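K.L.:
Okay, structure incoming, though there's no sequence with it:
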């Protein structure tokens, strides 16, 4: 997660390994409540020495917990970067679109092509919004 890398700017080399491990606990939590508990523990442990990290994560907490709406298989940035790469590949040569709908159709096509290459089972779509199910 990019936020974890950004947080390491505030940490000395001596503490970086331990801080990274504690931040991983937040990102790898199974649920939102577990992640919040891990963040509370992080702030108790590191709040005195690195208060900026806790503030930074609290400010972006709504963005962080959004990833828990998806299955753990796509919590990593690798899966996200893979899809973004496919979208860029599809949109690279066209810089102008007649309207927003045509641009959206091209992005949907890119996601559809990316889903063919992914080995993730399709059952993760159960309970997801209808537009996402239609695209994939």
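P.N.:
Everything's here; your move. None of the values given here were measured: they were computed from a predicted structure.
K.L.:
which residues sit against stretch 51-68?
P.N.:
Identification of contacts with stretch 51-68 by Cβ atoms under 8 Å, 6 or more residues apart in numbering yields 1, 3, 6-7, 10-11, 19, 23, 26, 29, 31-32, 35-36, 39, 42-43, 46-47, 75. (Glycine included, C-beta is placed from N, CA and C.)
K.L.:
Need the buried ones from those selected in ChimeraX.
P.N.:
Here is the ChimeraX command that selects the buried residues among the contacts of stretch 51-68 (16 or more other Cβ atoms under 10 Å):
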select :1,3,7,10,11,19,23,26,29,35,39,42,43,46,75
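K.L.:
Distance from the chain centre to the biggest helix by length in the chain, please.
P.N.:
What stands out as the longest helix in the chain, according to DSSP state H, is helix 100-117. Remark: helix 100-117 is offset 19 Å from the chain centroid, using Cα atoms, centre = their mean, to the nearest Å.
K.L.:
could you give the mean pLDDT of it?
P.N.:
Average pLDDT, helix 100-117: 82.
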